[in-house]
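Student: This is a predicted model, with the sequence first.
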Amino acid sequence: MTVFKFPQFQRYEISVSLFHNVSNTSDVKLKIAELPYALVDATMVCSIEQLYSAIYRAIVESTYNRLRTKTLHSECLLCLAPSSNIGEAFKRFGIKDESKEIIVIKIKDTEDDQDNDPEFPDIIKGDQVSFDDETLQATKNEELIRKVRIQTL
Amino acid sequence: MSEQLVAQISEYLTPNVPIQLVSQGAEAVVFTTNVHPYLPKESYSGVEDAKFIIKYRPSKSYRHPSIDKSLTKRRTLGEARLLGKLHQIEGLHVPHLIACDAYNGCLWLEFLGENLPNGMGFSNLKNFLWMYAKGGNDPYDPIVLETLYKVGQEIGLLHWNDYCHGDLTSSNIILVREKPGSDTWVPHLIDFGLGSISNMVEDKGVDLYVLERAILSTHSSYAEKYNECLMNGFSSVYENNGKLGQKKLKEVINRFQEVRLRGRKRSMIG
Ligand SMILES: Nc1ncnc2c1ncn2[C@@H]1O[C@H](COP(=O)(O)O)[C@@H](O)[C@H]1O
C-alpha cells in the first residue's frame, strides 16, 4: 500500500493498493456502493501518473467546484475518463465481474472526524503487489486505454 | 510584481509549493517550481533540478467578480484543451500538460528549454538567433538553418491540422536539445493562450506574418534567408500531403502575401 498527500492538499491522505489474482470480484462488486473506496480496473491504468492525475483532478473539483458524482471516490473514476459521462466512466474504469487486477483507492479527509476508516481493505481476496509503473505496465490493456482515452479528448 | 498577486498565488499553492517568477504578461504570470502537483518526489527528484511551469491567470479586480471567474475559467480550460489536442499530433512539439485548475486559473506544464551557453539567455528562438549573430559565430551556420526549417515544419503541422497559434513570436518558440549535449535542436511551440481551432487561411496567414515580422525586427540583416528556411520547412509539410496539400499551401501563401501587403489588421473598407 502506498500512502501519500498532495503538496497542495495536505487535508487528504490518499492510500493506493494494487491487487493481482483477485478471486472475489463479483462479491465485491455487489457491495461496491457501500464501500468507502474507489475500485479501479488496473488493466485500464498504464502508469502512476495516469491514476494520480485523476485523483488530483477529483480533489480540485471537490475543493473549488463541486462533485459531479456522489463521493470523492467515484469522482476519481469519472476523472480517469476523458468525457463527463458517468456511466461510461464506471463501465470502462470500474471493476467488472471478470477483473482480476484491481486498484483500491482510499481518500481520507483528515478534517472529517467521521472519516475514521483507515482499515486496510481486507474485503479483497487476492495478492497485494507493489503499486508502481512496472507492475502496471505488465497488466495494462494498452489498446483499450488508447481507444477509450483518445475517443473524446 | 504586486504583493497582492504574490499573496494570491502563494495562498493557493500553499508553502509546500515554492515558486520563482519567470515572466509576467498582461494575461498570465509564469512561475517555475521544483514540486510536481501529484507525482511522488522520488519519481523525479533524481533528475537534476527538476522544474515545472505554473502558468497563472490572476483575478482582475477591474472586472466584475463573476465575469472575471468565468473568463479565467474559459481561457484556462481553453488553453489546456488545446494543448491536450496538439500533444496528440504526431511530430508536433508542445509542452506536456501536467494539471489544470481552471477555477483558479492555473495550468501546470512541462518545463522546456535551458540556458544557452555564455550568458546568451534562455533557449528560445530569439536568443538562439542572437547567439549565432554575435561573437564570431556564423549566422548562417547549418545548425541555424536546419533549426529554422524545423520551426517551419512545426508551424506547418499546426496549420495543416487546422490549428492556429495567435501570437507566434520568436520568444514563443523554445528550443530543446534532442539529447543532452547534442547540437540538434527540437523546436517546441508554447503559449497557446490565443490559440484556436481554425481552418481559416486568414488566421494562418497572420500567424506567418507575425513570425516574419518578429524575425525581421530582431534579426534584420539575416531575415531574408531565415524566413526562406522557415517557409521551406512550412511548405514541406503541405507538400507531403499530395494534391490537396499543394492546393492548400497555395491558399495559405497567397493570403500570407496579402497580409504582408496590408499589415495584420484586416481593412474595414471593402
Ligand atoms: N513550458 C515552458 N517551458 C519553459 N518556459 C516557459 C514555458 N512556458 C512558458 N515559459 C516562459 O514563460 C514566458 C511566458 O509564457 P507565456 O505566457 O506562455 O507566453 C515564456 O516566454 C517563457 O520564457
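Tutor: In hand now; what should we look at? Quick caveat: nothing in here was measured; it's all calculated off a predicted structure.

Student: Buried residues, stretch B:61-70. List them.
Tutor: B:68-69 (16 or more other CB atoms under 10 Å in any protein chain shown). To be clear about C-beta, it is placed using only N, CA and C from the backbone, and glycine gets the same treatment.

Student: anything in that stretch near chain A?
Tutor: No. Judged by CB under 8 Å from any CB of the partner chain, stretch B:61-70 makes no contact with chain A; its nearest approach is 10.4 Å.

Student: Name all residues that make contact with A:Q8.
Tutor: For A:Q8, the contacting residues are B:12-14, B:16-17, B:37, by CB atoms under 8 Å, 6 or more residues apart in numbering or on different chains.

Student: Tell me the one of these nearest B:G156?
Tutor: Within the contacts of A:Q8, the smallest distance to B:G156 is 33.3 Å, found for B:P37 (CB to CB).

Student: ok, back up a step: which one (most neighbours) among the contacts of A:Q8?
Tutor: Neighbour counts for the contacts of A:Q8, by other CB atoms under 10 Å in any protein chain shown, peak at B:P37, which reaches 23 neighbours.

Student: before we move on, the earlier item: make TSV from the contacts of A:Q8 and add secondary structure to it.
Tutor: Shown next, in TSV, are the contacts of A:Q8 (DSSP: H, G, I helix; E, B strand; the rest coil):
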residue	secondary structure
B:Y12	helix
B:L13	helix
B:T14	coil
B:N16	coil
B:V17	coil
B:P37	coil
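
Student: buried sites along the least confident helix or strand in chain B by mean pLDDT?
Tutor: Among the helical and strand segments of chain B, the one scoring lowest on mean pLDDT, DSSP states H and E is helix B:3-13, with a mean of 89. By 16+ other CB under 10 Å, the buried positions in helix B:3-13 come out as B:8-9, B:12-13.

Student: ok, so of the contacts of A:Q8, who is nearest chain A?
Tutor: B:N16 (3.8 Å; CB to the nearest CB).

Student: Alongside the ligand, which residues does the stretch 1-150 of chain B contribute?
Tutor: B:22-23, B:25, B:28, B:30, B:53, B:55, B:95, B:109-113, B:122 (CB under 6 Å from any ligand atom).

Student: Need those residues in CSV (columns: pLDDT, secondary structure and neighbour count).
Tutor: Listed next are these as CSV, based on pLDDT from 0 to 100; DSSP: H, G, I helix; E, B strand; the rest coil; neighbours: other CB atoms under 10 Å in any protein chain shown:
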residue, pLDDT, secondary structure, neighbour count
B:V22, 94, strand, 15
B:S23, 92, strand, 12
B:G25, 88, coil, 12
B:A28, 94, coil, 20
B:V30, 96, strand, 19
B:I53, 98, strand, 18
B:K55, 98, strand, 25
B:P95, 98, coil, 25
B:L109, 98, strand, 21
B:E110, 97, strand, 16
B:F111, 97, coil, 19
B:L112, 97, coil, 21
B:G113, 96, coil, 19
B:F122, 97, strand, 17
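
Student: ranges for the helices of chain A?
Tutor: With DSSP state H, the ranges of helices along chain A come out as A:25-30, A:48-64, A:72-80, A:86-93, A:133-139, A:142-151.

Student: For those helices, state which one has the densest average packing.
Tutor: Neighbour counts averaged per stretch over the helices of chain A are highest for helix A:72-80, at a mean of 24; criterion: mean count of other CB atoms under 10 Å in any protein chain shown.

Student: For A:L35, which non-adjacent residue is spatially closest?
Tutor: Among residues not flanking A:L35 along the chain, A:I123 sits closest, at 7.2 Å (CB to CB, 6 or more residues apart in numbering or on different chains).

Student: Next: A:K140.
Tutor: A:C46 (4.2 Å).

Student: and that neighbour, what does it touch?
Tutor: A:C46 touches A:136-137, A:140, A:142, A:145, counting by CB under 8 Å, 6+ apart.

Student: can you check B:P117 too?
Tutor: By CB under 8 Å, 6+ apart, the neighbours of B:P117 are B:M131.

Student: Over to A:S130?
Tutor: So A:S130 contacts A:L18 (CB under 8 Å, 6+ apart).

Student: repeat that with 10 Å
Tutor: A:S130 is in contact with A:1-2, A:17-18, counting by CB atoms under 10 Å, 6 or more residues apart in numbering or on different chains.

Student: Most neighbours out of the residues you listed, which is it?
Tutor: A:L18 (24 neighbours).

Student: Quick check on the closest residue in space to it that isn't next to it in sequence: phi, psi?
Tutor: In this structure, A:L18 finds its nearest non-sequential neighbour in A:F131, 4.3 Å apart by CB to CB, 6+ apart. Note on A:F131: backbone dihedrals following degrees, to the nearest 10 are phi -90, psi 100.

Student: ok, A:F131 touching A:V16?
Tutor: Yes. Under the criterion of CB atoms under 10 Å, A:F131 makes contact with A:V16 at 5.3 Å.

Student: Report all helices and strands that the longest strand belonging to chain A contacts.
Tutor: Longest strand in chain A, counting residues (DSSP state E): strand A:9-20. Applying 3 or more CB pairs under 10 Å, 6 or more residues apart in numbering or on different chains; DSSP states H and E, we find strand A:9-20 packed against strand A:2-6, strand A:38-41, helix A:48-64, helix A:72-80, strand A:102-109, strand A:127-129, helix A:133-139.

Student: quick check: mean pLDDT across it?
Tutor: For strand A:9-20, mean pLDDT is 96.

Student: Tell me the strands beside it, with direction?
Tutor: Using DSSP bridges, the strands paired with strand A:9-20 are strand A:2-6 (antiparallel), strand A:102-109 (antiparallel), strand A:127-129 (antiparallel).

Student: Any chance you could list what contacts the first one?
Tutor: In other words, strand A:2-6. When contacts are defined by CB under 10 Å, 6+ apart, strand A:2-6 is touched by residues A:11-18, A:48, A:52, A:55-56, A:59-60, A:106, A:108, A:110, A:118, A:130-132, B:14, B:16-17, B:35-41.
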